[in-house]
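Asker: give me the fold of what follows.
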Amino acid sequence: MSGVADRSPAPSATEIVRVHDLSVELPTGISTSVKAVRNAHLVVRKGQRVGIVGESGSGKSVTGRTIAGLLPESRRVAVNGSVQILGKEMIGATNREWLKVRREIVSMIFQDPLSFLNPTMTVGRQVAEAVAAGGAQAANKHEAAIEFLRLAGLSDPEKYARSYPFELSGGMRQRVLIAIALAKRPALIIADEPTTALDVTVQARVLATLDESVSKLQTALILISHDLAVVAKLCDYIYVMYRGEVVEAGPTLDIFTRPNHAYTRDLLAGVRSLTSPDHQLSGFRPMVEG
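Answerer: Okay, here's the model as predicted:
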């Protein structure tokens, strides 16, 4: 992190992801491109909740997609630096290697469920396929799918398993995406703006579901959001991105009480009530130790 006080944890055997000096350049036209990520550093340990926060265009979603191997397939997409997953370098990995990572290690929850759920398949079948990808036997996958729908906060999972995505509300569809992500029993879930399209009440319920679910499975989480208040509710460690760079990183309590960068202070100005004495900052989870 050039020019930034790096408060990220030191290398450890508990690491799931270590990103070092990552730069990503994406095409924006026939002959133009933009450097979406610049020399970014990031670490995620087992069971840790990491937030990546910044305004639109800050590079946070591109960073998440790079970690999941989901950048557009194009000769004009240039990725430099290092992304290690469970100690294995993934920059330059084959599609087959990335598929194995997404099947066994990393799951992703996207912002728009309808874009990622198959409208011709029932919800239960889609979750069951994720269960099978996670290694469950065929005889058990339907029963397991019901349990993951229940874990994801659907009160009548047997009923909703028979439904199609278009028959569900936005909040229910987002819970289905959570169930699919959990069903693979990944070491890490990346949630990219998972509640942006939802109203405040449903947003709170979905975030609570995500919080409870990853806790039960002891899954690490990367939560990507433009909303620092949302990230603060779930995450014990925060990376702040601005114009493609990580400008600040540290434990959540440190970021809220001792921000170093002017951009972080600007973000905090919008959620200043969170740092008031009556807010339960003491309720933030401590950073996971190795």
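Asker: for the closest residue to residue 120 other than its chain neighbours, give me its contacts.
Answerer: Excluding the flanking residues, the one nearest residue 120 by Cβ to Cβ, 6 or more residues apart in numbering is residue 164, at 7.8 Å. Quick note: C-beta positions are derived from backbone N, CA and C, even for glycine. Residues near residue 164 by Cβ atoms under 8 Å, 6 or more residues apart in numbering: 119-123.
Asker: for residue 164, what are phi and psi?
Answerer: With angles defined as degrees, to the nearest 10, residue 164 sits at phi -100, psi 160.
Asker: check residue 250 too.
Answerer: According to degrees, to the nearest 10, residue 250 has phi 170, psi 170.
Asker: so which residues of the stretch 1-150 of the chain form strands?
Answerer: 15-27, 33-45, 49-53, 78-85, 88-89, 106-109 (DSSP state E, counting those that start in this stretch).
Asker: what's the shortest one in contact with?
Answerer: So the one you mean is strand 88-89. In contact with strand 88-89 (Cβ under 8 Å, 6+ apart) are residues 82-83.
Asker: from here on, call the first residue 50.
Answerer: Let's use 50 as the start, then, which means that last one is strand 137-138.
Asker: what residue lies at the spatial centre of this structure?
Answerer: Of all residues in the chain, the one closest to the mean position by Cα atoms, centre = their mean is residue 239, 2.2 Å from it.
Asker: who wins for neighbours among the contacts of residue 213?
Answerer: residue 172 (28 neighbours; other Cβ atoms under 10 Å).
Asker: can you pull the domain assignment for the protein?
Answerer: Following automatic domain parsing, the chain resolves into domains at 50-154+235-323, 160-234.
Asker: residues in contact with residue 104?
Answerer: By Cβ under 8 Å, 6+ apart, residue 104 lies in contact with 275, 291.
Asker: and it, how far is that from residue 290?
Answerer: 9 Å (Cβ to Cβ, to the nearest Å).
Asker: what do you get for residue 309?
Answerer: Applying Cβ to Cβ to residue 309 and residue 290 gives a distance of 14 Å.
Asker: okay, how far is it across stretch 241-258, tip to tip?
Answerer: 15 Å (Cα to Cα, to the nearest Å).
Asker: what does it contact?
Answerer: Contacts for stretch 241-258 (Cβ under 8 Å, 6+ apart): 110, 113-114, 157-161, 201-202, 218-220, 223-224, 226-227, 259, 272-275, 279, 282-283.
Asker: okay, stretch 150-167 in CSV with CA atoms only?
Answerer: Listed next in CSV are the C-alpha coordinates belonging to stretch 150-167 (Å, rounded to 0.1, in the frame of the first residue of the first chain):
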residue,chain,number,x,y,z
VAL,A,150,-11.5,-22.5,-6.7
ARG,A,151,-15.1,-21.4,-7.1
ARG,A,152,-16.4,-24.9,-6.6
GLU,A,153,-14.4,-25.7,-3.4
ILE,A,154,-13.0,-22.5,-1.8
VAL,A,155,-14.7,-19.2,-2.9
SER,A,156,-18.4,-18.4,-3.5
MET,A,157,-19.8,-15.1,-4.6
ILE,A,158,-23.1,-13.3,-3.9
PHE,A,159,-24.0,-10.7,-6.4
GLN,A,160,-26.2,-7.5,-6.3
ASP,A,161,-28.9,-8.6,-8.7
PRO,A,162,-30.3,-12.1,-8.0
LEU,A,163,-32.4,-12.3,-11.2
SER,A,164,-29.3,-11.9,-13.3
PHE,A,165,-27.7,-15.0,-11.6
LEU,A,166,-30.7,-17.3,-10.9
ASN,A,167,-31.9,-19.6,-13.6
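Asker: so for it, what gets flagged as buried?
Answerer: 150-162, 165-166 (16 or more other Cβ atoms under 10 Å).
Asker: mind pulling the model confidence for residue 146?
Answerer: Listed pLDDT for residue 146 reads 96.
Asker: check residue 139 too.
Answerer: Reported pLDDT for residue 139: 97.
Asker: that one reaches residue 146, doesn't it?
Answerer: Yes. Contact criterion Cβ atoms under 8 Å: residue 139 and residue 146 qualify, at 7.1 Å.
Asker: these two: which is more packed in?
Answerer: residue 139 (22 against 13).
Asker: ramachandran coordinates for the more buried one?
Answerer: Main-chain dihedrals, residue 139, degrees, to the nearest 10: phi -110, psi -10.
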